[in-house]
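**Student:** Attaching a predicted model along with its sequence, questions to come.
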Amino acid sequence: MHNPFLWPGNHSITCYSSFMEQLYSIPAKLLSPVLLVLILLMLSTILVFSYLRKVEGFNPSLLVGCTVCALLIPSVSHDYALSFLAAPVVTLLCLVRPNEAGAPVSRIGQKVAVLIISFAYFSTVFSVFNKPAPTVLFSLATPMLILILLATVALFVMDKENERHQGS
């Protein structure tokens, strides 16, 4: 993670931290480890819930989590690598089953998580140079990748039934 290549198409957390330091004076040496711990904590949450629920077979949430971590952790991770995210996100969204029997908060939470994943993934499809928004939040892919990971964790934690994972 040392020596990131600084340009807007590099979506690694070290490059993003360096941009945040230049733009907003947030120390990169502080932000980079915080973001690393955050994404590893989210990935660990998926792993722990998979273990506790005894998930067998294919786990699309774990696939998305590992893919996002693989895109964020290296010091050089350019925007052409974002194409690796397409198959895991599509697979996850295709396997989401509406939680009709759950509590209203769980049903709304599931729909919100799917909307967040969809919006964040959609924002990563376009090159950073083709986006009109000059803000760091929407123009760079790093915050959107973290949002995808966060919404994936929320979706997986809210999935009480877990029946689609059993025996797959």
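**Tutor:** Perfect, thanks for sending it. Numbers count the residues shown, from 1 in each chain.
**Student:** residue furthest from the geometric center of this structure?
**Tutor:** For the chain, the residue at maximal distance from the C-alpha centroid (CA atoms, centre = their mean) is residue 101, at 27.1 Å.
**Student:** what comes up buried for whichever strand or helix holds residue 118?
**Tutor:** Residue 118 is located in helix 104-125, with elements delineated by DSSP states H and E. Within helix 104-125, the residues scored as buried using 16 or more other CB atoms under 10 Å are 109-110, 113-114, 116-117, 120-121, 123-124. Where you see a C-beta, it was placed from the backbone N, CA and C, and this is true even at glycine.
**Student:** Quick one: residues contacting residue 43.
**Tutor:** Residues in contact with residue 43, defined by CB atoms under 8 Å, 6 or more residues apart in numbering, are 65-66, 69, 149.
**Student:** What is the neighbour count of residue 72?
**Tutor:** For residue 72, the neighbour count with other CB atoms under 10 Å is 25.
**Student:** Excluding sequence neighbours, find me the nearest residue to it.
**Tutor:** Once flanking residues are discounted, residue 72 sits nearest to residue 13: 5.1 Å by CB to CB, 6 or more residues apart in numbering.
**Student:** quick one: low-confidence ranges for the chain?
**Tutor:** When residues are selected by pLDDT under 70, those of the chain lie in 1-5, 102, 127-139, 160-168.
**Student:** repeat that for 50
**Tutor:** 1, 163-168 (pLDDT under 50).
**Student:** mind checking how far the residue nearest to the spatial centre of it is from residue 63?
**Tutor:** When the chain is reduced to its mean C-alpha position, the nearest residue by CA atoms, centre = their mean turns out to be residue 149, at 2.5 Å. Noted for residue 149: a distance of 12 Å to residue 63, by CB to CB, to the nearest Å.
**Student:** Sort out which residues of the helix ranked longest in the chain are buried, please.
**Tutor:** Using DSSP state H, we find that the single longest helix of the chain is helix 28-52. Neighbour-count burial for helix 28-52 flags 28, 31-32, 35-36, 39, 42-43, 45-47, 49-50 (criterion: 16+ other CB under 10 Å).
**Student:** I'd like those residues laid out as TSV, including distance to residue 140.
**Tutor:** Listed next are the buried residues of helix 28-52 as TSV, based on distance: CB to CB, whole Å:
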residue	distance to residue 140
28	14
31	13
32	14
35	13
36	17
39	15
42	19
43	21
45	24
46	24
47	27
49	29
50	30
